[in-house]
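Engineer: What follows is a predicted protein model with its sequence.
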Amino acid sequence: MASSALCIFCKILKGEIPSFKLLETKFSYSFLDIQPTAEAHCLVIPKCHGAKLHNIPDEYLADILPMVKKLTKVLQLDENNTPEGEGYNILQNNGRIAHQEVDHVHFHLIPKKDLKTGLG
Ligand code: 5GP
Ligand code: ZN
């Protein structure tokens, strides 16, 4: 696994910085955002270091959206499939000009409903 000694998210993967873990596979890790913009705002990251999406090997990228999908189930965002019902945003920033602050690829999953999960 490619890792960067200075990267906050690599430190989270190594257990050097604590995180509230949600799901984990061989390729991906998800955890709660430390400064949530909504209840249960979470992040999904590849278990290899790369600043931007195009730096990440396909096998890692291929694992990310299935994990995002599993999180929609864990967070019960999958329950109301009508257009009017609850929903969520998926956000992925690349570069300062695109508002990226942490230079390790991450997907935000931001719920748009009142959650009853007790997370966070
Ligand atoms: P960006 O603007 O790079 O797309 O978003 C980075 C996200 O990482 C922000 O929402 C921020 O709150 C989150 N973040 C930064 N440092 C930490 C940390 O140490 N732990 C956790 N859980 N989230 C972090
Ligand atoms: Zn990293």
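Structural biologist: In hand now; what should we look at? Ligands and ions are numbered 1, 2, ... in the order given.
Engineer: After the helix ranked longest in the chain, which helix or strand is next? Please name it.
Structural biologist: Longest helix of the chain, by residue count under DSSP state H: helix 58-74. Elements were assigned by DSSP states H and E; along the chain past helix 58-74, the next helix or strand is strand 87-91.
Engineer: and the longest helix of the chain, does that touch ligand 2?
Structural biologist: No. Using C-beta under 5 Å from the ion, helix 58-74 never reaches ligand 2; the gap is at least 11.9 Å. No exception for glycine: its C-beta is placed from N, CA and C like everyone else's.
Engineer: Please point out which parts of that helix sit buried.
Structural biologist: Residues of helix 58-74 classed as buried by neighbour count (16 or more other C-beta atoms under 10 Å): 60-61, 63-64, 67-68, 70-72, 74.
Engineer: Give me every residue in this protein that's in contact range of ligand 2.
Structural biologist: Contacts of the chain with ligand 2, taken as C-beta under 5 Å from the ion, map to 4, 7, 9-10, 49, 104.
Engineer: mean confidence for stretch 60-79?
Structural biologist: For stretch 60-79, the mean pLDDT works out to 95.
Engineer: Any chance you could list what contacts it?
Structural biologist: 22-23, 25-28, 30, 40, 42, 44, 46-48, 53, 85-88, 90, 107, 109, 111, 113, 115-117, 119 (C-beta atoms under 8 Å, 6 or more residues apart in numbering).
Engineer: which among the residues you listed end up buried?
Structural biologist: Applying 16+ other C-beta under 10 Å to those flags 22-23, 27-28, 30, 40, 42, 44, 46-48, 86, 88, 107, 109, 111, 113, 119 as buried.
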